[in-house]
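Peer 1: Predicted coordinates and the sequence they were generated for:
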Amino acid sequence: MAERPFYVTTPIYYVSSVPHVGHAYTSIAADALARFHRTRGPTYFLTGTDEHGQKVAQAAAAAGMTPQTWTDQLVEQWKGLCRRYNVEYDDFIRTTEPRHSDAVVLFFERLKERGDVYLGKYEGWYCTNDETFWLEAKLVDGRCPNPECRREVQWLSEDNWFFALSKYRDRLLEYYRANPQWVRPERSYNEMVATLEGGLEDLCISRVNLEWGVPLPGGGVMYVWLDALLNYITALGWATGDEKFATFWPARVQLIGKEIARFHTIIWPAMLWALDLPAPETVFAHGWITIDGEKMSKSKGNVIEPFAAAERFGADSVRYFLMREAPFGTDFSISLEKIRKRHNTDLGNDLGNLARRSLAMLERYRGGIVPAYSGTSEIASRFADLPARVAARFEALDLRGALEDTWELIAALNRAIDDRRPWELAKRGEDAALDAILYDLCEGLRWCAHLLAPFMPVKAAEMYATLGTGDELGGDWRTDLVWGKLAAGTRARPAEAGLFPRIEDEPPAPAA
Ligand code: ME8
């Protein structure tokens, strides 16, 4: 059966500040998934920026700019982050674009027609950092209860619109019970079930005293979270009946950080149901990155700046590190030193040396010409199911597992060089055995290039180009990853420079 088209999204990021490595993490993961799925069928990858709300308006005011000028400037950094890391989105949506804001108004009108909104008074607290309404009882020591935030909250007393969220509680609970995989990992699923079991309040969805947002008929602006969540369908042209919407909705995977799970897995499905639309197939709430175990923050000065990291290690090395360092879904701690170590060991020693040694031996013993495949190979039999295994890891969103499986092949190829010693075979004139190991190495490198391309698109393409097949990566593994497909007579060329030149420790900064 043909697979359903693959639609993957990231959160849309607030343009209240510049991106840090945590934002790059989600975008890279979504890009890896999209790159894998593009080898199999229709795929659409959406990212973008969340440009309305009090937090963005305050940041603009602090910089002495209008919010529009501010967001127009800052969005370039966010798009630049994607370019720097080769995050190849199909669409980048900004919530200030009319294609989005017009659709938000339409959504509001639909809610009204359906009787799912009513006017009421909101009296309670508001956290501007999280753009969240909080009831008194939920505060922790009078502050925002989100453990990642804990900032001061502001008292609001406003006449606003409310969405009848509470009426969806039972349907949500039933949906959770019937679809235990729809929110992952289990930690987030369990938290959300507990939240629903604790009861659900209606949700305030407008801000009467704010100006920076999507204006609602009758005054006020749309609450920034409802505005933002709708991006996932407005970008596909839900409001204009675009074919993209029919093709790609519901999303197969929506990636988010765990701190925004409640918005995506309680409010968002209820909003969709209010429009008689299906909920996304999976919301995956990945873990939180800390720096040496501490929350990243400008005031602590421990932010890993993604542009500088790409400059020092190379974008693909940072991409690899982020995907390899921890199981996708868990929290983990990173440091520049950890990135450097993985660059030097996994990439430089394991993969880079394999490519360098293999192609150098092919050049030396066979003038760079790939020999014929004999038809049998112990490595081929051992790894015949590797592409299917790696594909299954992608399907399961086990991105680290996909890399670990691929590293088994890399390790086996390196071991084969040490065990079968091509230089001795050459000395003894054992031509068939020498051809066999050289073929294994080249074919193994071709497989690695395919399997690693979703993670390291540039380095994988470089590696692939050195094999000299003349075509480009991106084909379907199910047909391309058949051992023996690398044609005899292909003219490979040794890599001019190593794929992953060693990075030395940075000298300590001179004492001030
Ligand atoms: O929440 N570790 O935007 P945001 C891992 N605009 N991921 C991190 C991270 C970290 N330390 N820091 C950020 C918003 N992220 C809303 C979303 S969606 C309709 C609206 C990633 O700029 C992670 O994906 O605060 C997180 O959910 C997102 O950036 C938050 O970005």
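Peer 2: Perfect, thanks for sending it. Numbers count the residues shown, from 1 in each chain.

Peer 1: gap between the most far-flung residue of the chain relative to its centre and Thr376?
Peer 2: Relative to the C-alpha centroid of the chain, counting by Cα atoms, centre = their mean, Arg428 is the outermost residue, at 50.7 Å. Computed as Cβ to Cβ, to the nearest Å, the Arg428 to Thr376 distance reads 21 Å. (C-beta placed from N, C-alpha, C; glycine too.)

Peer 1: how near is Tyr365 to the ligand?
Peer 2: Tyr365 sits 48 Å away from the ligand, going by Cβ to the nearest ligand atom, to the nearest Å.

Peer 1: Tell me, how many residues neighbour the closest residue to that residue other than its chain neighbours?
Peer 2: Residue nearest to Tyr365 in three dimensions, not counting chain neighbours: Ala426, with 5.1 Å by Cβ to Cβ, 6 or more residues apart in numbering. Number of residues near Ala426 (other Cβ atoms under 10 Å) recorded here: 17.

Peer 1: what's the strand or helix carrying Ala426 in contact with?
Peer 2: When elements are assigned from DSSP states H and E, Ala426 belongs to helix 422-428. Applying Cβ atoms under 8 Å, 6 or more residues apart in numbering, the contact partners of helix 422-428 are 361, 364-365, 433-434, 437-438.

Peer 1: Are any of those residues buried, and if so which?
Peer 2: 361, 365, 433-434, 437-438 (16 or more other Cβ atoms under 10 Å).

Peer 1: Columns pLDDT and secondary structure on top of those residues, output as a markdown table?
Peer 2: Listed next are the buried ones among the contacts of helix 422-428 as a markdown table, based on pLDDT from 0 to 100; DSSP: H, G, I helix; E, B strand; the rest coil:
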| residue | pLDDT | secondary structure |
| --- | --- | --- |
| Met361 | 97 | helix |
| Tyr365 | 98 | helix |
| Ala433 | 98 | helix |
| Leu434 | 98 | helix |
| Ile437 | 98 | helix |
| Leu438 | 98 | helix |
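
Peer 1: how about these in TSV, adding distance to Glu174?
Peer 2: As requested, these are arranged in TSV below (distance: Cβ to Cβ, whole Å):
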residue	distance to Glu174
Met361	62
Tyr365	66
Ala433	64
Leu434	65
Ile437	59
Leu438	60
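
Peer 1: mind listing what the nearest residue to Asp316 once chain neighbours are set aside touches?
Peer 2: Nearest residue to Asp316, sequence neighbours excluded (Cβ to Cβ, 6+ apart): Met456, at 3.9 Å. Shown in contact with Met456 (Cβ under 8 Å, 6+ apart): 316-317, 319-320.

Peer 1: Which residues does the residue lying closest to Leu397 once chain neighbours are set aside form beta bridges with?
Peer 2: By the measure of Cβ to Cβ, 6+ apart, the closest residue to Leu397 outside its immediate chain neighbours is Phe284, 5.5 Å from it. On the basis of DSSP bridges, Phe284 is bridged to Arg184, Leu255.

Peer 1: neighbours around Phe284, how many?
Peer 2: Neighbours of Phe284 (other Cβ under 10 Å): 25.

Peer 1: Tell me both backbone torsions, phi and psi, for the nearest residue to Thr247 once chain neighbours are set aside.
Peer 2: Nearest residue to Thr247 in three dimensions, chain neighbours excluded: Pro5, at 5.3 Å (Cβ to Cβ, 6+ apart). Main-chain dihedrals, Pro5, degrees, to the nearest 10: phi -50, psi 150.

Peer 1: what sits against Pro5?
Peer 2: 41-44, 247-248, 252.

Peer 1: give me that answer again for 7 Å
Peer 2: By Cβ atoms under 7 Å, 6 or more residues apart in numbering, Pro5 lies in contact with 41-44, 247-248.

Peer 1: which intervals of the protein have sub-threshold pLDDT?
Peer 2: Along the chain, segments meeting pLDDT under 70 span 1-2, 507-512.

Peer 1: Alongside the ligand, which residues does it contribute?
Peer 2: Proximity of the chain to the ligand (Cβ under 6 Å from any ligand atom) is limited to residues 11-14, 22-23, 25-26, 50, 228-229, 256-257, 259-260, 288-289, 296.

Peer 1: What's the local residue count around Ala487?
Peer 2: Counted with other Cβ under 10 Å, Ala487 comes out at 11.

Peer 1: Regarding the nearest residue to it once chain neighbours are set aside, what are the backbone dihedral angles?
Peer 2: Nearest non-adjacent residue to Ala487, counting by Cβ to Cβ, 6+ apart: Val370, 7.1 Å away. Backbone geometry at Val370, expressed as degrees, to the nearest 10, gives phi -70, psi 130.

Peer 1: For the stretch 101-250 of the chain, which residue gets nearest to the ligand?
Peer 2: Ala228 (3.8 Å; Cβ to the nearest ligand atom).

Peer 1: The stretch 151-300 of the chain too?
Peer 2: Counting by Cβ to the nearest ligand atom, the stretch 151-300 of the chain gets nearest the ligand through Gly257, at 2.6 Å.

Peer 1: Likewise for the stretch 401-512 of the chain?
Peer 2: Phe455 (17.6 Å).

Peer 1: Tell me how far that residue lies from Gly198.
Peer 2: The value you get for Phe455 to Gly198, if Cβ to Cβ is used, is 40 Å.

Peer 1: So for the two, which residue has more residues nearby?
Peer 2: More crowded of Phe455 and Gly198, by other Cβ under 10 Å: Phe455, with 24 against 8.

Peer 1: The stretch 1-150 of the chain: strands as residue ranges?
Peer 2: 6-9, 13-14, 43-50, 91-94, 117-127, 132-134 (DSSP state E, counting those that start in this stretch).

Peer 1: May I see the buried residues of the helix or strand hosting Ala308?
Peer 2: Under the criterion of DSSP H and E, Ala308 resides in helix 306-313. Using 16+ other Cβ under 10 Å as the test for burial, helix 306-313 gives 306-307, 309-310, 313.

Peer 1: Determine which two of these are furthest apart.
Peer 2: Phe307 and Phe313 (11.7 Å; Cβ to Cβ).

Peer 1: Show me where the stretch 251-400 of the chain has its helices.
Peer 2: Listed in chain order, the helices of the stretch 251-400 of the chain (DSSP state H, counting those that start in this stretch) span 261-262, 268-274, 306-313, 315-324, 336-342, 353-366, 378-383, 386-395, 399-420.

Peer 1: tell me what the fifth one is packed against?
Peer 2: If contacts are counted by 3 or more Cβ pairs under 7 Å, 6 or more residues apart in numbering; DSSP states H and E, helix 336-342 sits against helix 306-313, helix 315-324.

Peer 1: which residues touch the longest one?
Peer 2: What that stands for is helix 315-324. With Cβ under 7 Å, 6+ apart, helix 315-324 has contacts from 25, 28-29, 32, 84-86, 309-310, 339, 342-343, 346-347, 399-400, 403, 455-456, 458-459, 500.

Peer 1: Can you check what angle separates that helix from helix 399-420?
Peer 2: 110 degrees (axes from the mean of the first three to the mean of the last three Cα atoms, to 10 degrees).

Peer 1: ok now helix 315-324, how far from the chain's centre?
Peer 2: Remark: helix 315-324 is offset 12 Å from the chain centroid, using Cα atoms, centre = their mean, to the nearest Å.

Peer 1: can you dump the C-alpha coordinates of that helix into PDB?
Peer 2: Provided in PDB are the C-alpha atoms of helix 315-324 (Å, rounded to 0.1, in the frame of the first residue of the first chain):
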ATOM      1  CA  ALA A 315      27.100  22.400  10.300                       C
ATOM      2  CA  ASP A 316      27.000  18.700   9.600                       C
ATOM      3  CA  SER A 317      29.100  17.900  12.700                       C
ATOM      4  CA  VAL A 318      26.700  19.800  14.900                       C
ATOM      5  CA  ARG A 319      23.700  18.200  13.200                       C
ATOM      6  CA  TYR A 320      25.300  14.800  13.800                       C
ATOM      7  CA  PHE A 321      26.100  15.600  17.400                       C
ATOM      8  CA  LEU A 322      22.600  16.800  18.300                       C
ATOM      9  CA  MET A 323      21.000  13.700  16.700                       C
ATOM     10  CA  ARG A 324      23.500  11.200  18.100                       C
END
